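> fold the stuff below for me.
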Amino acid sequence: MRQAGSYSGILSGGGISGRTGPHLLPLARIKKIMRKSGNDVKMISGEAPIVFSKVCELFIEELAQRSWMVTMQGKRRTLNKEDVTSAVMATDIFDFLVNLVSDSANSVVDATPPEMDTFKSS
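Model prediction:
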């Protein structure tokens with residue numbers, strides 16, 4: 001009987017496909033977006049999409065954690081659009097997203113929960 005190789009767990013488990021390797025986001029899609037970012041982008045190094053993939057993973061994780069804190073403060077177990085909006089409005093590092101979520105900010109009762117100011121990323 002054949003035994004699994006040392007990398008088989010990396011390529012098959014945890015939502016990771018063999019097409020993208022140990023990255024959670026598809027590198028081909030990231031490269032495509034990078035190419036469309038400007039007419040002056042001609043070539044992209046092999047490491048750039050990998051770095052962008054990791055950066056995007058960390059960004060999504062941070063936004064999700066802060067949004068989940070808002071959800072828990074509301075004593076709920078379902079993350080809503082308003083929770084994401086509150087997390088964006090209460091966090092300085094997400095100021096670049098304020099215009100994207102400002103339409104739904106009108107429906108949020110309190111956009112600055114007091115515990116959000118003391119949250120530190122681990």
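
> list the buried residues in the longest helix seen in the chain.
Secondary structure of the chain per DSSP state H: the longest helix is helix 47-73. In terms of neighbour count (16 or more other C-beta atoms under 10 Å), helix 47-73 has its buried residues at 49-50, 52-53, 62-63, 66-67, 69-71. C-beta coordinates here come from the backbone N, C-alpha and C atoms, glycine included.

> would you mark the buried spots in stretch 84-99?
Neighbour-count burial for stretch 84-99 flags 84-91, 94, 97 (criterion: 16+ other C-beta under 10 Å).

> from what I can see Val70 touches Val88, true?
No. If you go by C-beta atoms under 8 Å, Val70 and Val88 don't touch, sitting 9.9 Å apart.

> what sits in contact with each of these two?
By C-beta atoms under 8 Å, 6 or more residues apart in numbering, Val70 and Val88 have no common neighbours.

> which one is Val84 nearest to, not counting chain neighbours?
Spatial nearest neighbour of Val84, chain neighbours left out: Ser67 (4.6 Å); criterion: C-beta to C-beta, 6 or more residues apart in numbering.

> check Thr91 too.
Arg66 (5.9 Å).

> I'd say the one you found and Asp92 touch.
No. Using C-beta under 8 Å as the test, Arg66 is too far from Asp92 to be in contact (11.5 Å).

> helices of the protein, start to end?
For the chain, applying DSSP H gives helices covering 8-12, 27-36, 47-73, 81-90, 98-105.

> okay, those helices in JSON lines with mean pLDDT next?
Below are the helices of the chain laid out as JSON lines (pLDDT from 0 to 100):
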{"stretch": "helix 8-12", "mean pLDDT": "41"}
{"stretch": "helix 27-36", "mean pLDDT": "93"}
{"stretch": "helix 47-73", "mean pLDDT": "95"}
{"stretch": "helix 81-90", "mean pLDDT": "95"}
{"stretch": "helix 98-105", "mean pLDDT": "79"}
